[in-house]
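J.: requesting a structural model of the entry that follows:
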Amino acid sequence: MTTDTCTDKPPPSMARPNRSALLGSLLCVASAALFSSKAISIKLAFQYGVDATTLLALRMAFTLPFSLVILWLQWSRRKSQAHHLCSKKGLAVIGIGVLGYFIASLLDFIGLSYISAQLERVVLFSYPLLVVLLGCSLFGMTFHRPLLWTIPCCWLGIAISMWSELSINSEGTLTGVLLVLASAVCFAFYTLCSKHMIQWFGAGIFSSLVMSAASAVALVYYAVTADLVTLLEQPMAVYGHAVYMAIMATVIPGYLFSESIRRIGADQASVTSSVGPVSTAIMAYLILNEPFGWGQAIGLLMVTASVLWLTLNQRAKA
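T.: Below is the predicted model:
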């Protein structure tokens, strides 16, 4: 005599994809949090008296060896495309990298010396809207109706966040916001210009090349405008923050995000990564003791909702 037994366990073929998707989502959240922690590390380093240009040079100095090693590994695997690095396209990639990673980072670092980490992340998070706006204006992208309300909602959210900060500390807030906004514009141009280059070179070579170029230019810029000896005279804590930004807030989250895309897809990854500004606000409140009131909450919600809605709408039409 036999009896049928029922279990609540899903078949192995279903359980494995569910675990993979869960792990992909967790990796994406970790990536967004690590990327967002860069602003926290910058603010902590500023407490030791280091200026924005010196801190950026140190971060690039620690990033350069990693990007060069990865570039060499990618290059050795795709030797058939190595000659392209010496072509006009290779020079264009270097120019794109300088714009998106050096100039944008320099403006962001200087802007953070004026405003809070929370406000910086809110302003920077508007860059997907800037990508669409600049794409429609200069690159022939199609203008979709949701832009009519997402863009004003985003700018209003930034204005509310800025007003909340002005009520606490009015000195330099507008300057900081404009600098970070200029950084977001530079990164938006980088995003628009990089699409075809990524298709040409491949994501691995492209990413390594732009990071290497930006790091090298940052060090040359510092050598021309400042004394290189200053890089060797910083407190150990500053070096620690520079290493953290180079590895934990740049290299590792980049790999985590790539792995999350492999597991859950670009659509879901882009939505999940919207936790970045929220994680910055939490870390800024807990670590930097930055105030977080209704104004900051409303501004953060409006900007995040605008970008998230636009992202979902663009994916649906793709």
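
J.: nearest residue to the residue nearest to the spatial centre of the chain other than its sequence neighbours?
T.: Here the mean C-alpha position of the chain is nearest to the C-alpha of F35 (Cα atoms, centre = their mean), at a distance of 6.0 Å. Taking Cβ to Cβ, 6 or more residues apart in numbering, and ignoring the residues beside it in sequence, F35 has P253 as its nearest neighbour in space, at 4.8 Å. Any C-beta I mention is one placed from the backbone N, CA and C, and that applies to glycine too.

J.: so which strand or helix has the one you found?
T.: Element membership for P253 (DSSP states H and E) is helix 252-272.

J.: and that helix, average pLDDT?
T.: For helix 252-272, the mean pLDDT works out to 73.

J.: give the next helix or strand downstream of the helix or strand harbouring L286.
T.: When elements are defined using DSSP H and E, L286 is found to belong to helix 276-287. Downstream of helix 276-287, the first helix or strand assigned by DSSP H and E is helix 294-317.

J.: and that next one, what does it pack against?
T.: Contact analysis of helix 294-317 by 3 or more Cβ pairs under 8 Å, 6 or more residues apart in numbering; DSSP states H and E lists helix 117-124, helix 127-138, helix 147-166, helix 252-272, helix 276-287 as its packing neighbours.

J.: for the second one, which positions count as buried?
T.: Pointing back at helix 127-138 there. Using 16 or more other Cβ atoms under 10 Å as the test for burial, helix 127-138 gives Y127, P128, L129, L130, V131, V132, L133, L134, G135.

J.: on that earlier part again, enumerate every residue touching the residue nearest to F35.
T.: A30, S31, A32, L34, F35 (Cβ atoms under 8 Å, 6 or more residues apart in numbering).

J.: what's the burial count for S215?
T.: 27 (other Cβ atoms under 10 Å).

J.: ok, Y221 next?
T.: Close neighbours of Y221, defined as other Cβ under 10 Å, add up to 18.

J.: pLDDT at S13, what is it?
T.: Reading off the per-residue confidence, S13 sits at a pLDDT of 49.

J.: same check, this time on Y285
T.: With respect to pLDDT, Y285 has a value of 92.

J.: do the one 5 residues further on as well
T.: The per-residue pLDDT reported for E290 equals 90.

J.: same check, this time on R16
T.: We note a pLDDT of 55 for R16 in this prediction.

J.: swap in the one 4 residues further on?
T.: On pLDDT, S20 comes in at 77.
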